[in-house]
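K.L.:
kindly return the folded structure for what I paste below:
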Amino acid sequence: MSNNIHERWLSRGELADRLGLPVKTLAQWASKGTGPLYARMGRHVRYRLSDVVEWEAARVEDRHEAVLSGLRQRDAEQSCTPAQRKATTRAAERSPR
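P.N.:
Next up is the predicted model:
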């Protein structure tokens, strides 16, 4: 978080435009606590631009890690012999979810 007094604050509409999402989605995220940090100023909701940028970067990093994890899993599976793959599949089917 930044303590810059000249920091830009975005309205929910401005953030919706930035993300290409409906305003309603941001309201839902706010009620679930899953969206970017926000501040209530009277009846208005505002998002600090630095918090939005930080939140966006975290989403990209999470997605990047998920893709890398999937690639690692695929590479590991491809390097297995058919017998090892079969054993791994059977173990996964027997494990409780």
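K.L.:
going forward, measure contacts between C-alpha atoms and count neighbours the same way
P.N.:
Fine.
K.L.:
hmm, residue 51 and residue 7 touching each other?
P.N.:
No - counting by C-alpha atoms under 8 Å, residue 7 stays clear of residue 51, with 10.4 Å between them.
K.L.:
which one of these two is surrounded by more residues?
P.N.:
Between residue 7 and residue 51, counted using other C-alpha atoms under 10 Å, residue 51 has the larger neighbour count: 16 against 11.
K.L.:
can you pull the buried residues of stretch 27-35?
P.N.:
Neighbour-count burial for stretch 27-35 flags residue 35 (criterion: 16 or more other C-alpha atoms under 10 Å).
K.L.:
meant to ask about stretch 9-25
P.N.:
Buried-residue list, stretch 9-25, by 16+ other C-alpha under 10 Å: 9-10, 12-13, 15-16, 23.
K.L.:
can I get that stretch as PDB, trimmed to CA atoms?
P.N.:
Written as PDB, here are the backbone C-alpha positions of stretch 9-25 (Å, rounded to 0.1, in the frame of the first residue of the first chain):
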ATOM      1  CA  TRP A   9      -8.600   6.700  -6.600                       C
ATOM      2  CA  LEU A  10     -11.000   4.900  -9.000                       C
ATOM      3  CA  SER A  11     -14.700   4.700  -8.800                       C
ATOM      4  CA  ARG A  12     -16.300   1.300  -9.200                       C
ATOM      5  CA  GLY A  13     -17.400   2.400 -12.700                       C
ATOM      6  CA  GLU A  14     -13.800   3.400 -13.600                       C
ATOM      7  CA  LEU A  15     -12.400   0.100 -12.300                       C
ATOM      8  CA  ALA A  16     -15.100  -1.800 -14.200                       C
ATOM      9  CA  ASP A  17     -14.000  -0.100 -17.400                       C
ATOM     10  CA  ARG A  18     -10.300  -0.800 -16.600                       C
ATOM     11  CA  LEU A  19     -11.000  -4.500 -16.100                       C
ATOM     12  CA  GLY A  20     -13.700  -4.800 -18.800                       C
ATOM     13  CA  LEU A  21     -16.200  -6.200 -16.200                       C
ATOM     14  CA  PRO A  22     -19.700  -5.200 -15.200                       C
ATOM     15  CA  VAL A  23     -20.000  -2.900 -12.200                       C
ATOM     16  CA  LYS A  24     -22.200  -5.600 -10.600                       C
ATOM     17  CA  THR A  25     -19.300  -8.000 -10.600                       C
END
